[in-house]
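**Q** Mind folding the following:
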Amino acid sequence: MYLLRVKTWMTLALGVLFACNSTHNPVTANGTVIVDWDTSKATRAGFAKATIGPRTAKDFVVEVTQKDTPPFELDLHVDVAPIDFEEGGKTVHQTAAVAVKATVKENTGWDLSGKCDDGPNYQMGPVDDAGAMHSPAAMIQDCPISEHRTAGAVLKSTWAIGFTLNIYGDGTVKAFPADGVKIRPK
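**A** Next up, the predicted model:
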């Protein structure tokens with residue numbers, strides 16, 4: 001009889017433990033594309049019509065670990081290229097991301113979404129004696145990734161967090177904020 005009670009309590013305790021960490025939100029499936037951007041979607045009118053030089057493809061894995069939550073991974077594909085476009089009556093020559101695609105690689109608990117904001121944008125550069133800024137030749141494209149999760153049966157916890165992938169025209173990618181986000185070449 002005592003053994004039966006212990007088994008019953010253990011089963012109940014395990015059930016409560018698993019229920020406390022159960023997810024109460026849609027989980028974005030592996031293989032889902034959450035970002036699909038290219039120059040035709042750029043908000044800079046001149047950039048959307050840019051002459052694009054030879055593309056260089058870059059592939060990365062983005063690993064995200066937030067405290068007390070399941071980790072997830074994204075496959076990130078970026079094409080960068082030299083570009084020429086008209087802006088302010090002048091021809092501009094830069095390098096920039098011309099295509100960005102983020103696909104869910106591994107995910108067990110998050111509702112994920114993403115987009116690429118307006119841009120690409122010039123980076124801040126040095127200012128000359130006349131007060132004119134000289135932007136570095138690699139533009140930056142910002143792509144925010146949103147993470148949402150609700151978990152727990154009795155006491156629910158909700159996370160609405162995220163980070164931004166900063167994609168530079170030289171092919172580098174950095175996360176902001178960088179805490180819990182690792183980016184490595186694929």
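
**Q** just the helices in this protein please.
**A** Taking DSSP state H as the test, the helices found in the chain are 2-20, 45-48.

**Q** worst average pLDDT in those?
**A** Out of those, helix 2-20 stands lowest, with a mean of 43 (criterion: mean pLDDT).

**Q** Nearest residue to Asp117 in space, please, no chain neighbours.
**A** Here the nearest residue to Asp117 in space, its sequence neighbours aside, is Asp142; by CB to CB, 6 or more residues apart in numbering that works out to 4.7 Å. The way it works is simple: take the backbone N, C-alpha and C, and place the C-beta from them, glycine included.

**Q** what sits opposite that neighbour in the beta ladder?
**A** With DSSP bridges as the criterion, Asp142 is bridged to Asn166.

**Q** Report the separation between it and Gly169.
**A** 13 Å (CB to CB, to the nearest Å).

**Q** Give me the more crowded residue out of these two.
**A** In this view Asp142 and Gly169 are compared by other CB atoms under 10 Å, and Gly169 has more residues nearby, 22 against 16.

**Q** so who does the more buried one touch?
**A** Each residue near Gly169 by CB atoms under 8 Å, 6 or more residues apart in numbering is listed here: 80, 94-97, 120, 137-140.

**Q** From the contact counts, what lies against the lengthiest strand in the chain?
**A** In the chain, taking DSSP state E as the definition, the longest strand is strand 90-107. Where contact means 3 or more CB pairs under 8 Å, 6 or more residues apart in numbering; DSSP states H and E, strand 90-107 is packed against strand 33-38, strand 72-87, strand 140-151, strand 157-168.

**Q** Try it again at 7 Å.
**A** Where contact means 3 or more CB pairs under 7 Å, 6 or more residues apart in numbering; DSSP states H and E, strand 90-107 is packed against strand 33-38, strand 72-87, strand 140-151.

**Q** Buried residues in it, which are they?
**A** 92, 94-105, 107 (16 or more other CB atoms under 10 Å).

**Q** What's the separation between the residue nearest to Asp117 and Arg149?
**A** Distance from Asp142 to Arg149, by CB to CB: 23 Å.

**Q** Return the residues in contact with the residue nearest to Phe47 when sequence neighbours are not counted.
**A** Spatial nearest neighbour of Phe47, chain neighbours left out: Phe85 (5.2 Å); criterion: CB to CB, 6+ apart. Going by CB atoms under 7 Å, 6 or more residues apart in numbering, Phe85 touches 46-47, 49-50, 92.

**Q** so can I have a markdown table of these showing distance to Ala132?
**A** Shown next, in a markdown table, are the contacts of Phe85 (distance: CB to CB, whole Å):
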| residue | distance to Ala132 |
| --- | --- |
| Gly46 | 19 |
| Phe47 | 21 |
| Lys49 | 25 |
| Ala50 | 23 |
| Val92 | 14 |
